[in-house]
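> Let's see this in three dimensions:
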Amino acid sequence: MQKTTAETTISLAAPQALLGQFVAHMRDDHGMFFNVSDDGAHSFENDGYRIELRPQHLGLRIRLEAPDEHAMSFTKEGIVHHVEEFDTAAAESIRWNNEQAAIGNTPENFRVLTVRKSEQVFDGMQRVTLHYPDIKTLQTRGIHLRLILPCDPSRVPVWPVMGENGAPVWPVGADQLHARYVTLKNIRADLEEVDIDIVRHGTGVVSQWAQNAAAGQLAGAMGPTGMDRLPPAKSYFVAADGTGLPAVAQLLSRLPQDAVGDVVVALPETVNHHSYLPHSGLNIHTLSPDEFEQNVVAMAERLTQQGETGYAFFAGEFANAQSLRAHFKKGLGLDKTTQISATYWRREH
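Predicted coordinates for the structure are as follows:
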């Protein structure tokens, strides 16, 4: 498969300092472990993506590979965002060698969605149905999208436009936007219609939007993106709390019928998992939402075995994700190609 590449060199007085901060952040907060070559270059490679950071005299050279131009746009933005966390001026100075985005226009992968309806699927879960232009051609790109909402729902949205450094420029002040990744639970491509399921909780921007969404309201979206299926494996372990339930449903629906393994999900006791998750050959185990965080790691340790579990997936709270990533790697001997433990949210203590 022909990959898309992009390169930039950031002028820096102390490139090693930024390199160290960047790599440590990606390791500690995102579970990305970089390989280090003899010449000091740091590289990470997974699922068709590759990032290489090479310190030079007064500069840091960054080279990216992605499956296609659409995926590359997300990758570039991610690099700019993480560099910006440590050096704003350096992030603003980035110029990619083959930038194709039209400066000042909305990103290529941006669409305006229109709410058709909102309803409670079960206790604790709200479903918003949206009109999604072009989803028939876009759906092969992945199962996740970045949902974009005005922080002040009373304002007419001002959408992001592309900047010179390959990342969108987001409005500030009263027009500030809130963005969060969500999963497409159902796609009805012929109707240009999708469902997204959002956990009902507290005062979160997306949760409140979902509960109050009315027909005709507008929302922005970038995507879809991300993995769309689990790779072939001898046996699977899949787990998720409410935030990851839509992803589990999508991934199970795309497994072959002879796939085996175990699934652990957070569902209210009043909900039959057959009503939400598609049929599969995996054994389904449910925990109540109140019990999930405290018990999912122990269940994972009981249901998995090194040499038997071929692929492991988790989506949910940060502390759970860290604990399960350690179990997947150390307890099961899985590497970056055979496990994902993704943080979908972080509990505030």
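> If you tally nearby residues, what's the number for Thr225?
Residues within reach of Thr225, counting by other C-beta atoms under 10 Å, total 20. Quick note: C-beta positions are derived from backbone N, CA and C, even for glycine.
> Report the separation between it and Glu85.
21 Å (C-beta to C-beta, to the nearest Å).
> Report the contact partners of the most centrally placed residue in the chain.
Centroid-nearest residue in the chain: Tyr181, 5.8 Å away (criterion: C-alpha atoms, centre = their mean). Shown in contact with Tyr181 (C-beta atoms under 8 Å, 6 or more residues apart in numbering): His144, Leu145, Arg146, Leu147, Gly226, Tyr344.
> I'd like the average pLDDT over stretch 225-238.
Averaging pLDDT along stretch 225-238 yields 93.
> buried sites along that stretch?
By neighbour count on 16 or more other C-beta atoms under 10 Å, the buried set for stretch 225-238 is Thr225, Gly226, Met227, Asp228, Leu230, Ala233, Ser235, Tyr236, Phe237, Val238.
> out of these, what pair is the most spread apart?
Pairwise distances across these peak at 27.6 Å for Thr225 and Ser235 (criterion: C-beta to C-beta).
> measure the residue of the chain most remote from its centre to Ala14 for me?
Of all residues in the chain, His57 has its C-alpha farthest from the mean position, at 34.5 Å, by C-alpha atoms, centre = their mean. Relative to Ala14, His57 is positioned 11 Å away (C-beta to C-beta).
> could you show me where the strands are in the stretch 151-300 of the chain, in order?
161-162, 168-169, 177-188, 193-199, 218-225, 236-240, 261-266, 283-287 (DSSP state E, counting those that start in this stretch).
> With distance to Gln211 added, can I get these in JSON lines?
Formatted as JSON lines, these follow (distance: least, C-beta to C-beta, whole Å):
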{"stretch": "strand 161-162", "distance to Gln211": "30"}
{"stretch": "strand 168-169", "distance to Gln211": "27"}
{"stretch": "strand 177-188", "distance to Gln211": "14"}
{"stretch": "strand 193-199", "distance to Gln211": "8"}
{"stretch": "strand 218-225", "distance to Gln211": "14"}
{"stretch": "strand 236-240", "distance to Gln211": "21"}
{"stretch": "strand 261-266", "distance to Gln211": "19"}
{"stretch": "strand 283-287", "distance to Gln211": "24"}
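> Indicate which one of those is closest to Ala247.
It is, among the strands of the stretch 151-300 of the chain and with distance given as C-beta to C-beta, strand 177-188, at 4.6 Å.
> What residues of the closest one count as buried?
So for strand 177-188, counting by 16+ other C-beta under 10 Å, buried means Leu177, His178, Ala179, Arg180, Tyr181, Val182, Thr183, Leu184, Lys185, Ile187.
> quick one: low-confidence ranges for the stretch 1-150 of the chain?
Residues of the stretch 1-150 of the chain that meet the criterion pLDDT under 70 lie in 1-2.
> show me where this structure has helices.
Applying DSSP state H to the chain gives helices spanning 15-30, 69-84, 88-93, 135-138, 205-212, 245-253, 289-303, 318-326.
> any idea which of these is most buried?
helix 245-253 (a mean of 22; mean count of other C-beta atoms under 10 Å).
> From the chain's centroid, how far away is that helix?
Distance of helix 245-253 from the chain centroid (C-alpha atoms, centre = their mean, to the nearest Å) equals 14 Å.
> which residues are in contact with it?
125, 143-144, 182-185, 196-197, 228-230, 238-240, 263, 265-267, 276-278, 280, 282, 313, 315.
> Same check on stretch 288-295?
124, 241-242, 266-269, 287, 316-317, 319-320, 347.
> quick check, nearest of the residues you listed to Tyr132?
Gly242 (22.7 Å).
> Might you report the residue contacts of that closest one?
Contacts of Gly242 (C-beta under 8 Å, 6+ apart): Gly124, Met125, Val199, Ala266, Pro289.
> Which residue comes closest to it once chain neighbours are left out?
Val199 (4.3 Å; C-beta to C-beta, 6 or more residues apart in numbering).
> Hmm, the one you found is touching Met125, no?
Yes: using C-beta atoms under 8 Å, Val199 makes contact with Met125 at a distance of 6.3 Å.
> how near is Ala215 to Arg116?
To Arg116, Ala215 is 6 Å away according to C-beta to C-beta.
> neighbour count winner among these two?
The neighbour comparison of Ala215 against Arg116 (other C-beta under 10 Å) goes to Arg116, with 17 against 11.
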